[in-house]
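Trainee: just a sequence and a predicted model for now, questions to come.
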Amino acid sequence: MKGEGVTIAVFPGDGIGPEVVAEAVKILGVIEGARRVSFRLDYGPVGGAALDACGEPLPASSLKKALEARAVLLGAVGGPKWDGLDYALRPERALLGLRERLGLFANLRPVTVYEELIDASPLKGEVVRGTDILIVRELTGDLYFGTPRGIRTEGGRRVGVNTLIYTEEEIRRIAQVAFLAARRRRRRVTSVDKANVLESTQLWRDVVTETAASYPDVELDHMYVDNCAMQLVRDPRRFDVVLTTNMFGDILSDEGAMITGSIGMLPSASLGETHAMYEPIHGSAPDIAGRGTANPLAAILSVAMMCRHTLGWEEEARAVEGAVRRVLRDGLRTADLARPGERTVGTAEMGDAVAAALAASLGG
Ligand code: IPM
Ligand code: MG
């Protein structure tokens with residue numbers, strides 16, 4: 001039996017977040033119908049939606065839901081309406097607060113090029129075909145959380161400060177995640193740093209190299225981040241697992257997204273010792289919010305990651321991924337994926353099609 005009740009905290013957030021999360025929830029419904037499981041969905045506001053409702057981006061009630069759930073499913077946060085706010089009040093604080101409070105130090109961002117979408121990539125098909133990268137981004141350290149930080153006035157002029165700091169424990173635990181992930185893939189880790197300039201990332205390189213000794217079956221190489229940015233577009237297929245810092249991972253994962261053709265395709269998992277959060281990496285896309293045109297596939301694929309990493313349901317994870325491939329093969333395209341003149345479907349139509357394909361394959 002696959003477990004009785006599973007509580008999932010659902011935070012739709014802002015912009016297209018609610019639209020894509022609604023489709024991910026349909027997928028949970030199909031899994032529930034086909035398997036002996038019942039999901040208890042515990043909805044809460046985060047980000048701008050929470051600012052409007054309760055005056056803070058991460059209300060205590062939502063944090064509590066997150067702490068008590070098996071996993072969090074999050075849409076997106078942020079939008080122009082809240083851009084002028086102080087740092088402590090910005091919608092992004094919800095995301096950073098959840099990462100910090102849930103201890104989500106490991107961010108997995110798979111960059112998969114679908115053969116069906118090869119023409120959606122701005123790069124040549126022959127360069128990107130078959131690309132399958134897992135970016136393992138450290139998520140609770142680096143410039144994002146280091147202190148001192150802030151803008152202060154010194155000698156009559158303003159000075160902005162952030163601190164790049166990593167302890168060896170922080171580096172070791174994320175390196176272990178990368179090596180273990182590589183064992184389930186092509187057994188190759190590329191660690192990305194800027195060790196030629198930044199001492200903190202020389203430590204990163206040293207500790208990753210030490211950690212590698214426990215994984216003799218995994219091949220390790222090191223790359224400077226500027227070179228990695230170049231190699232990702234020159235020859236993305238050379239990469240298997242890319243292990244990197246919070247800041248570099250933020251940048252390289254957006255670059256990775258474009259290799260696949262649309263950022264609307266990329267799911268993510270943020271994992272800690274005891275908690276997990278799943279979200280599409282595309283953000284709130286305020287320009288297209290509320291129109292029903294957003295691509296829900298990244299949110300749906302995030303449910304697949306939840307099945308795999310939190311629930312341990314590899315079969316269901318693969319079934320969801322298979323259902324996504326199926327609808328792409330059938331020619332369904334949201335606007336972000338379509339070539340000029342191609343017929344497009346809306347968010348709900350895409351979600352319904354994946355749900356139907358999934359129900360067929362799970363026998364629900
Ligand atoms: C991401 C986003 C976030 C980050 C923002 C919204 C705080 O860009 O998840 O990549 O910088 O980590
Ligand atoms: Mg980012």
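Mentor: The structure has been received and is ready for your questions. Computed from a predicted model, the values in this text were never measured in an experiment. Ligands and ions are numbered 1, 2, ... in the order given.

Trainee: please count neighbours and contacts with C-alpha atoms only from this point.
Mentor: OK.

Trainee: next, count neighbours for residue 271.
Mentor: Around residue 271 sit 23 other residues, with neighbours defined as other Cα atoms under 10 Å.

Trainee: now it, what are its backbone angles?
Mentor: Dihedral pair for residue 271: phi -120, psi 140, per degrees, to the nearest 10.

Trainee: kindly report the same for residue 159.
Mentor: The phi/psi pair for residue 159 (degrees, to the nearest 10) reads phi -130, psi 130.

Trainee: interface residues of this protein facing ligand 1?
Mentor: Residues of the chain lying near ligand 1 by Cα under 6 Å from any ligand atom: 92, 250, 281.

Trainee: 5 Å - rerun?
Mentor: 92, 250 (Cα under 5 Å from any ligand atom).

Trainee: so the chain: which segments form each domain?
Mentor: Domains of the chain are assigned by automatic domain parsing as 1-107+268-364, 122-259.

Trainee: so of those domains, which one's packed in deepest?
Mentor: domain 1-107+268-364 (a mean of 20; mean count of other Cα atoms under 10 Å).

Trainee: centre of the chain to it, how far?
Mentor: Relative to the chain's own centre, domain 1-107+268-364 is displaced by 10 Å; criterion: Cα atoms, centre = their mean, to the nearest Å.

Trainee: which elements pack onto the helix or strand hosting residue 21?
Mentor: For residue 21, the element it lies in under DSSP states H and E is helix 17-34. On a contact count with 3 or more Cα pairs under 8 Å, 6 or more residues apart in numbering; DSSP states H and E, helix 17-34 meets strand 5-13, strand 38-43, strand 71-76, helix 297-309, helix 347-362.

Trainee: surely residue 153 forms part of a strand?
Mentor: Yes. Counting by DSSP: H, G, I helix; E, B strand; the rest coil, residue 153 is part of a strand.

Trainee: and the residue nearest the centre of the chain, how far from residue 235?
Mentor: Among the residues of the chain, the one closest to the centroid is residue 268, at 2.4 Å (Cα atoms, centre = their mean). Per Cα to Cα, to the nearest Å, residue 268 is found 23 Å from residue 235.

Trainee: for this protein, which spans come out with low pLDDT?
Mentor: Applying pLDDT under 70 to the chain flags the ranges 1-4, 364.

Trainee: how about the residue nearest to the centre of the chain, secondary structure?
Mentor: strand.

Trainee: now residue 358: how far from ligand 1?
Mentor: Using Cα to the nearest ligand atom, to the nearest Å, residue 358 is found at 28 Å from ligand 1.

Trainee: then residue 179?
Mentor: 22 Å.

Trainee: likewise for residue 294?
Mentor: 18 Å.

Trainee: give me the spatial nearest neighbour of that residue, chain neighbours excluded.
Mentor: Once flanking residues are discounted, residue 294 sits nearest to residue 347: 5.4 Å by Cα to Cα, 6 or more residues apart in numbering.

Trainee: which residues does that neighbour contact?
Mentor: 19-20, 23, 292-296, 334 (Cα atoms under 8 Å, 6 or more residues apart in numbering).

Trainee: from residue 20, how far out is it?
Mentor: When distance is defined by Cα to Cα, residue 347 is 7 Å away from residue 20.

Trainee: for residue 276, same thing?
Mentor: Distance, residue 276 to residue 20, by Cα to Cα: 19 Å.

Trainee: between residue 347 and residue 20, which contacts overlap?
Mentor: Here residue 347 and residue 20 share the contacting residues 294-296, scored by Cα under 8 Å, 6+ apart.

Trainee: and the gap between the closest residue to ligand 1 within the stretch 251-364 of the chain and residue 93?
Mentor: At 5.9 Å from ligand 1, residue 281 is the closest residue in the stretch 251-364 of the chain, using Cα to the nearest ligand atom. Applying Cα to Cα, the value for residue 281 to residue 93 is 16 Å.

Trainee: for residue 152, same thing?
Mentor: Taking Cα to Cα, one finds residue 152 at 21 Å from residue 93.

Trainee: now residue 153
Mentor: Taken as Cα to Cα, the span from residue 153 to residue 93 is 24 Å.
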